[in-house]
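Visitor: turn this into a structure:
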Amino acid sequence: MSNAGPSETAVTPRFEPIDADRLRRFCQTVFEKLGMVADDAAVLADYFAWTELRGLPFVGARRIPEFVARLREGGTSLPTNGGATVVRERDGFVLVDAEHTFAQISGSRGMSLAVEKAQ
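Guide: Presented below is the predicted three-dimensional model:
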């Protein structure tokens, strides 16, 4: 048994700031290499940069490996139809199927459809 105290055994991670545009480019490249179309990869890249710029790292870039694993393991699908297939539509609403893709993408597409309908 060691007599070392917590300060002697703990490893403090070293974080360095990264430019938001560099983070966006990195994220976009990662998701495009996994087969995502550029527009959808850009939505995720903007999301990760947005969360980091607002001091929300717990939902930010450190989750990129989780998102990659979800795609590789089939828990999340690559978006089709911009991440939201219209299932039903009426004057006042649009019901979409997100097809098991990332909420950031399907939510963005759903909001765009809602704005179009409101105009």
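
Visitor: residue 104: how many residues sit nearby?
Guide: For residue 104, the neighbour count with other Cβ atoms under 10 Å is 20. Every C-beta, even on glycine, is put in place using the N, C-alpha and C of the backbone.

Visitor: nearest residue to residue 70 in space, please, no chain neighbours.
Guide: Counting by Cβ to Cβ, 6 or more residues apart in numbering, the nearest residue to residue 70 once its immediate chain neighbours are dropped is residue 76, at 4.0 Å.

Visitor: name the element the most centrally placed residue in the chain belongs to?
Guide: By Cα atoms, centre = their mean, the chain has its centre lying nearest to residue 44, at 3.9 Å. Taking DSSP states H and E as the criterion, residue 44 maps to helix 38-53.

Visitor: try residue 89
Guide: Take DSSP H and E as the rule and residue 89 turns out to sit in strand 85-90.

Visitor: elements contacting the following helix or strand past that strand?
Guide: Going down the chain from strand 85-90, the next helix or strand is strand 93-97, by DSSP H and E. Helices and strands touching strand 93-97, by 3 or more Cβ pairs under 8 Å, 6 or more residues apart in numbering; DSSP states H and E, are strand 85-90, helix 103-118.

Visitor: and among those, the most buried is which?
Guide: Burial of the helices and strands packed on strand 93-97 is given as mean neighbour count (mean count of other Cβ atoms under 10 Å); helix 103-118 ranks first at a mean of 16.
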